[in-house]
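> Sequence unavailable; structure follows:
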């Protein structure tokens with residue numbers, strides 16, 4: 001669970017769920033915990049998004065709800081509760097017959113958003129990820145950034161207390177460049193990026209690889225390259 005706060009905008013609570021295929025006591029605990037987190041959103045004025053692997057055939061769930069067939073499993077119980085509370089299955093907003101997410105056979109993963117932010121959902125799709133070995137497809141949901149984040153004005157950028165981090169590449173030596181190369185290699189190994197499949201057959205896979213490489217370079221840069229803090233009033237070297 002992660003809470004995200006945005007100045008002058010809605011605050012979000014992201015709840016990630018995993019329901020076991022056969023551990024009934026654990027699923028009861030997950031059900032109670034998720035419902036408690038959702039109830040807490042009312043008092044904290046949070047808008048929630050529930051996502052994860054529910055290990056429930058969603059099409060079967062909707063069929064049973066439509067025909068008023070009894071749902072006894074707590075796995076069904078959690079989804080029934082959030083659907084009855086008006087949460088939106090984001091795949092259904094863009095696919096009348098949503099793509100399967102498990103072994104290309106059934107749809108057991110999903111992202112459900114509170115109705116308050118339904119209009120903020122700009123896209124949702126499933127995609128395979130060649131960077132990871134999994135029998136699940138990813139459910140990718142995009143929200144409109146402008147509904148949550150206000151761009152800083154020029155006046156805000158000019159406030160005297162605002163500092164900028166400036167990297168001093170001119171202070172780099174052969175030794176520090178060698179350390180930088182070693183650091184990037186270390187981060188690539190730690191993230192298992194060197195084991196990733198070379199096949200980048202979708203835009204999502206390319207974006208994911210780009211995000212990973214960007215994080216590695218940013219982390220190595222912050223760790224190795226000298227920098228200074230610059231503001232309108234003074235400069236601090238590091």
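Yep, it's here. None of the values given here were measured: they were computed from a predicted structure.
> May I have the phi/psi pair for residue 169?
Main-chain torsions, residue 169, degrees, to the nearest 10: phi -70, psi -20.
> Let me see the confidence value for residue 79.
With respect to pLDDT, residue 79 has a value of 92.
> The helix-or-strand element of the chain with minimal mean pLDDT: what's the following helix or strand?
Ranked by mean pLDDT, DSSP states H and E, the weakest helix or strand in the chain is helix 154-157, scoring a mean of 50. Sequence order places strand 164-167 as the next helix or strand after helix 154-157, per DSSP states H and E.
> Return the distance of that following strand from the chain's centre.
Taking CA atoms, centre = their mean, to the nearest Å, one finds strand 164-167 lying 28 Å from the centre of the chain it belongs to.
> which secondary structure elements does it contact?
If contacts are counted by 3 or more CB pairs under 8 Å, 6 or more residues apart in numbering; DSSP states H and E, strand 164-167 sits against strand 227-230. For every residue, glycine as well, the C-beta is placed using N, CA and C.
> Show me which positions of the strand it packs on end up buried.
residue 227 (16 or more other CB atoms under 10 Å).
> Tell me the strands beside it, with direction?
Strand pairing for strand 227-230, determined by DSSP bridges: strand 164-167 (antiparallel), strand 235-237 (antiparallel).
> List of residues touching the first one?
Yep, that's strand 164-167 we're talking about. Identification of contacts with strand 164-167 by CB atoms under 8 Å, 6 or more residues apart in numbering yields 221, 225, 226, 227, 228, 229, 230, 231.
> Alright, that wraps it up for me.
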